[in-house]
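In: A predicted structure for the sequence below; I have some questions about it.
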Amino acid sequence: MDSTGQGGTGRPAGETSPGPGGSGRRRGAVKQVRSVVRTRPWAAALFLLPALLLLGALVVYPIGYSLWRSLFDSSGSGFVGLDNYREMFTHPGTRQALQNNLVWVVVAPAVCTGLGLIFAVLTERIRWATAFKLLVFMPMAISMLAAGIIFRLVYEADPDRGVANAMLTTAHSAFTSGAPWPDARPRPDGALETSGDGSVLLPGPAAAGSPALLPLVGVKPQELADAADAAAPPPGDGRLTGTVWLDFAQGGGGEPGVIDPGEKGLAGITVQAVRDGEVVASATTAEDGTFGLPAEAAGAELRLPADNFAAAYNGVDWLGPTLVTPAIIGSYVWMWAGFAMVLIAAGLAGVDRELLEAARVDGANEWQVFRRVTVPLLAPVLAVVLVTLMINVLKVFDLVLVIAPGSVQPDANVLALQLYTVSFGTRTNQGLGSAIAVFLLLLVVPVMIFNIRRLRRERAR
Amino acid sequence: MTVHTSTDRLPEPRPAGSTGPAGSAVRGPVERARRSTASKLASLAGGGAVRVVLILLGLVWLLPTLGLLASSFRDRRDIAADGWWTALTDPGQWTTENYSALLANDSFTGSAWTTVAITVPSTVLVVVVGAMAGYAFAWLDFPGRDWWFLLVVGLLVVPVQVALIPVAKLFNWLGIFETTLGVVLFHSAFGLPFAVFLLRNFFAEIPRELLEAARLDGAGELRLFTRVVLPLGAPAVFALAIFQFMWVWNDLLVALIFADSANPPMTVALQQEMRQFGANIDVLAPGAFLSILVPLAIFFAFQRQFVSGVMAGAVK
């Protein structure tokens, strides 16, 4: 809004701003009382009337009514003093909402501002920065409801459907060797034992020269379609050898505990030799299920540690009771980081380049320039962004209502949602609802006073 | 985007090596050359890393919306079976079935009309009433003008939550609870403090001489308003209109309480489908996408105005 085409015409000396608007929000207060000659007061009244009517009836009067109503019980006739406010801080549902709101106010604005700062600084020297900024700012244009639906899809628990868990499980399997055989277990009547921690034990000392047989069951045959047939372990010259295999012959006929033809070896299983509770040697089974341990392991017990059989990693239960609030905050950050970025980028554009250059000439590296020069210069902008987001976060409602599934909604509750539920649900208590409303209003009163004082100060100048 | 146009106009920051006359004067030529090569390499590597990071971040930001778009073009059974990304490599899954079903559904198209019927009058009302009051505060004489304006500024940050219960009662009494008119009036009232504030400040910057000249030609207050102030204030009026339009279009809370539950706007209609998220995904995904089409189109068409409106009005 900086192009009215009439900038400069007849402007008082000393005021060289290019045109109205833009940063005019702060600058806009006039320096002298100005009005067009001989305006008639009744004309002013006519121009003001519609606005004052609407504001009076739907904004000012409701403030008074809410204050008054918050002192009465749910029926609206019994005076209860400050009991509704007391209930707000003691009633478990409302307390949970208060706590969550506190988390929201502390975390969400800080994360948005931090990301906005990083984005603004990173994009400063990039030619296609506008494309990136558009992309990050775009969520500001869509409704919180649509954002909620979008993030319900993102947070689907099943990693085959929800993109958040799909990324987590992919990353997880890239950095850890996943458990190869989560379903494998010892044959119930066999020699192997399952110990309390989930590992599988072959009791008794293993002797070199007599191969150890470790039969397992439970793996679905189709998982082993490409596996090699199990092989009897070579006797090995002094080494401790053995085979881990699926003791199940397809089509039946196999003998338990014996490697029958067609039975498949279990590859990639860790085998440990344990003596007096300490691991003295370990090996991994080959394609055909065989393994070999050095001779000094003779006499130890053989163990298949539990991580061979750990259940597959399925990601995180984003919308469960513990993570639901952080998850919803994540969707809020997706929406509002762009807002912080654009405001901070505007502030950054106003930073005097020479100060940064001077610091670089003095030998400061980029991080020092950022930390010691850029951030302090941006402090006023960062404060404005932070406070604006805090006010906004106080009233967060749609995202929680839409993203939190019904069963965890009490865990994700926030004040604005609690106000809606207690005031317009089935068992309503508009006294408590009004108290919450007044509380929300009280929290923004400092900002209200700040706005008014700033305006008066600018007018006084 | 208005706010960073000034960034774009700035000269490209020079590479770290060539610090210009001030820097080179204090350093010997050899040292300068060494530093120059080293820091050029460093800034090249750093610049490359920054680009990669930004591209990844951009993808992360795009992914959720892409997921909604892709899901909206898939069959419900496909959505239940596996992730939307499988459709990227399997075009056979794509179908417009969800959209044609939704557009043939009278209750959805009805809710789209309700959204329009709420949004357009709310925008017009806020712009007209706000401009009139902004003009009065900027240019007309009346007792206590500054105090009235301070009151309006004080109302800027009043949360809508304060008014939900009292206005519901008031509308009930007036017989306009759960009507489009009620929603329009509520949105207009809560849009006004920002509208008056923004427009007063913008109108006040109009050169006094222009108004005086029109006055001497015999123009009355109304004529000054429509012939001088409104045309010159058009950029601010337009930014305000876009901001208010998006605000009302995207609202859920006010509509949830005050709109006609038999024929609610899109946000409320979709919210009601959320109770069975999995079963209704074939309605929710395309519905959500259709509901954000208009705001997205406005966003991309009028970025400057939208951004400046949001920047000024985010406190709301």
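Out: Nice, thanks for sending it over.
In: elements contacting the helix or strand where residue A:97 lies?
Out: Residue A:97 belongs to helix A:92-123 when assigned by DSSP states H and E. Judged by 3 or more CB pairs under 8 Å, 6 or more residues apart in numbering or on different chains; DSSP states H and E, the packing partners of helix A:92-123 are helix A:83-90, helix A:129-137, helix A:324-349, helix A:375-394, helix A:409-412, helix A:415-424, helix B:29-72. C-beta: built from backbone N, CA, C; applies to glycine.
In: what's the second one in contact with?
Out: Looking back up the chat, that one is helix A:129-137. Outside helix A:129-137, the residues that touch it by CB atoms under 8 Å, 6 or more residues apart in numbering or on different chains are A:119, A:123, A:126, A:337-339, A:341-342, A:345, B:1, B:4, B:7-8, B:54, B:57-58, B:61-62, B:300, B:303, B:307.
In: pLDDT weak spots in the stretch 101-250 of chain B?
Out: Low-confidence regions of the stretch 101-250 of chain B, defined here as pLDDT under 70, do not occur.
In: Residue ranges in chain A under the pLDDT threshold?
Out: Scanning chain A for pLDDT under 70 picks out the ranges A:1-35, A:37, A:176-180, A:236, A:252-253, A:461.
In: what about the strands in it?
Out: Along chain A, the stretches classed as strands by DSSP state E are A:185-186, A:193-194, A:200-202, A:212-217, A:240-246, A:270-275, A:278-284, A:290-293, A:301-304.
In: and among the ones you listed, the most buried is which?
Out: The highest mean neighbour count among those, using mean count of other CB atoms under 10 Å in any protein chain shown, belongs to strand A:240-246: a mean of 26.
In: Tell me who's in contact with residue A:443.
Out: Counted by CB under 8 Å, 6+ apart, residue A:443 has contacts residue A:394.
In: if we can go back for a sec, okay, angle between the helix holding residue A:97 and helix A:415-424 too, please.
Out: Here helix A:92-123 runs at an angle of 140 degrees relative to helix A:415-424 (axes from the mean of the first three to the mean of the last three CA atoms, to 10 degrees).
In: Show me how far helix A:92-123 is from its chain's centre.
Out: 10 Å (CA atoms, centre = their mean, to the nearest Å).
In: For stretch B:84-95, measure first residue to last.
Out: 13 Å (CA to CA, to the nearest Å).
In: Could you list the contact residues of the stretch 201-350 of chain A toward chain B?
Out: Residues of the stretch 201-350 of chain A lying close to chain B by CB under 8 Å from any CB of the partner chain are A:334, A:339, A:342, A:343, A:345, A:346, A:348, A:349, A:350.
In: And the residues you listed, which of them are buried?
Out: Neighbour-count burial (16 or more other CB atoms under 10 Å in any protein chain shown) applied to those gives A:334, A:339, A:342, A:343, A:345, A:346, A:348, A:349.
In: For these, work out which two are farthest apart.
Out: Largest separation among those by CB to CB: A:334 and A:349, giving 24.7 Å.
In: can you tell me the helix or strand for the residue of chain B found nearest chain A?
Out: In chain B, no residue comes nearer to chain A than residue B:201, which is 2.9 Å away by CB to the nearest CB. Per DSSP H and E, residue B:201 falls inside helix B:180-203.
In: got the CA coordinates for the helix or strand just after that helix in CSV?
Out: Downstream of helix B:180-203, the next assigned helix or strand under DSSP H and E is helix B:208-216. Provided in CSV are the C-alpha atoms of helix B:208-216 (Å, rounded to 0.1, in the frame of the first residue of the first chain):
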residue,chain,number,x,y,z
ARG,B,208,-5.3,18.9,3.3
GLU,B,209,-5.1,21.2,0.3
LEU,B,210,-7.0,18.8,-1.9
LEU,B,211,-9.9,18.7,0.5
GLU,B,212,-9.9,22.5,1.1
ALA,B,213,-10.0,23.0,-2.6
ALA,B,214,-13.0,20.8,-3.0
ARG,B,215,-14.6,22.5,-0.1
LEU,B,216,-14.1,25.9,-1.6
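In: packing partners for helix B:208-216?
Out: Helix B:208-216 packs on helix B:221-224, going by 3+ CB pairs under 8 Å, 6+ apart.
In: No further questions, thank you.
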